[in-house]
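In: the amino acid sequence is not available; the structure is as follows:
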C-alpha cells in the first residue's frame, strides 16, 4: 500500500496546484466578456471553448506535477480513479456566470488521497483571488492566512444558499425552514461562497445538485480554514456523495444547519 503523504508533501502539492490553477485561469480571464460562442452539453448545461482549453491546461500541468495521480474533470471525464492520489478539476465553475459577464466564476483544483479530499484550490480569475488550503495545513487567500470566524448560533449567522430558487423547487421543506433560521440568508452561486467562508466573510454555505468536481476541491479550503463541510446527513464528502453540501464556520453552526436540513 502506498504510504500516506507527509504534511510537507501535501503542502508542496497544494502550493503547486495553486500556481497551476492561477496559470490555467488566465485562459478563462482572457476570454471573459469577449462574446464566446456557447454550446449545450448533453445535460443542457452550457460550455465554451474556454472551459475546454482551461481544463486541457490544468490536466497537462497536473500530470507533470504528479504523473502517478488519476484525474477527474468536468469536460474530459475520468482516468485512473483507482490510484491512491487523484486530482479533481473544474476549469470554470460557474459557466453561466462566466458567459453572462459576472466575475464570480472560479477554477477549482482538488487532491484526493485514497478517496479523501486533502487539499484544494479555489482560484477566481476575474477577481485575482486564490483560496488554498487543506486539513492540517491551514488556508490562505493569495499569500495571507485566513480562517473561519467563530459564529456558533444559526440565529446570528450569515448563510449563503447557492441557487435558492432551485432549492425551493427541489427541497421545499428544507428551504422553508432555512428561510427563517439565519440572521441573513443570501442567494448566491458557484464556488465563491466557500472562499468567503474560509476568509471569515460569511458563516455558512448550503448547496445542492453538485457534481464531484464542484464540491471535492472546496473541501480542503474550508477544512484548512477551520470549518466543517459534509453532505446534508453529516457524512464526509466523497465521489459517491449525493451532491447536497453544507459547510459552516464551526461545529455548532454546522450541527444547527444539519437539524434544519435533516428532514430533506
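Out: Yep, that arrived. Predicted model only: the values in this text are computed from it and were never measured. Residues are numbered from 1 along each chain as shown.
In: how many neighbours does the nearest residue to residue 256 once chain neighbours are set aside have?
Out: Excluding the flanking residues, the one nearest residue 256 by C-beta to C-beta, 6 or more residues apart in numbering is residue 154, at 4.1 Å. Heads up, the C-betas are built off the backbone N, CA and C, glycines and all. Counted by other C-beta atoms under 10 Å, the residues lying close to residue 154 total 22.
In: touching, residue 154 and residue 257? I think so.
Out: Yes - counting by C-beta atoms under 8 Å, residue 154 touches residue 257, with 6.6 Å between them.
In: between these two, which contacts overlap?
Out: residue 181 (C-beta atoms under 8 Å, 6 or more residues apart in numbering).
In: quick one: contacts for the residue nearest to residue 256?
Out: 181, 182, 253, 256, 257, 260.
In: name the SS class of the closest residue to residue 166 other than its chain neighbours, please.
Out: Excluding its sequence neighbours, the residue lying closest to residue 166 (C-beta to C-beta, 6+ apart) is residue 209, at 6.7 Å. On the three-state scheme (DSSP: H, G, I helix; E, B strand; the rest coil), residue 209 is labelled coil.
In: residue 209 and residue 17, how far apart?
Out: Residue 209 sits 26 Å away from residue 17, going by C-beta to C-beta, to the nearest Å.
In: what about those two, which has more around it?
Out: Between residue 209 and residue 17, counting by other C-beta under 10 Å, residue 17 is the more crowded of the two (28 against 15).
In: doesn't the more buried one fall inside a helix?
Out: Yes - Residue 17: assigned to a helix according to three-state DSSP.
In: next, the closest residue to it other than its chain neighbours: secondary structure please.
Out: Leaving aside its sequence neighbours, residue 17 sits nearest to residue 109 (C-beta to C-beta, 6+ apart; 4.6 Å). Following three-state DSSP, the label given to residue 109 is strand.
In: quick one, what contacts residue 109?
Out: 17-18, 20-21, 58, 62, 87-89, 120-121, 123, 217.
In: other SSEs contacting the helix or strand containing residue 195?
Out: For residue 195, the enclosing helix or strand under DSSP states H and E is helix 192-199. Under the contact definition 3 or more C-beta pairs under 8 Å, 6 or more residues apart in numbering; DSSP states H and E, helix 192-199 sits against strand 116-124, strand 129-134, strand 138-141, strand 158-162, strand 204-207, helix 212-224, strand 245-248.
In: want to try TSV for these, with distance to residue 81 as columns?
Out: Below are the helices and strands packed on helix 192-199 laid out as TSV (distance: least, C-beta to C-beta, whole Å):
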stretch	distance to residue 81
strand 116-124	13
strand 129-134	20
strand 138-141	26
strand 158-162	26
strand 204-207	23
helix 212-224	10
strand 245-248	20
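In: need the contact list for the residue nearest the centre of the chain.
Out: Nearest to the mean C-alpha position of the chain, by C-alpha atoms, centre = their mean, lies residue 218 at 3.1 Å. By C-beta under 8 Å, 6+ apart, the contact set of residue 218 is 108, 110, 120, 122, 191, 194, 229, 247.
In: again, only this time at 6 Å
Out: 120, 194 (C-beta atoms under 6 Å, 6 or more residues apart in numbering).
In: and for residue 93?
Out: 106, 108, 190, 191.
In: mind checking how far the second one is from residue 152?
Out: Separation of residue 108 from residue 152 (C-beta to C-beta) stands at 29 Å.
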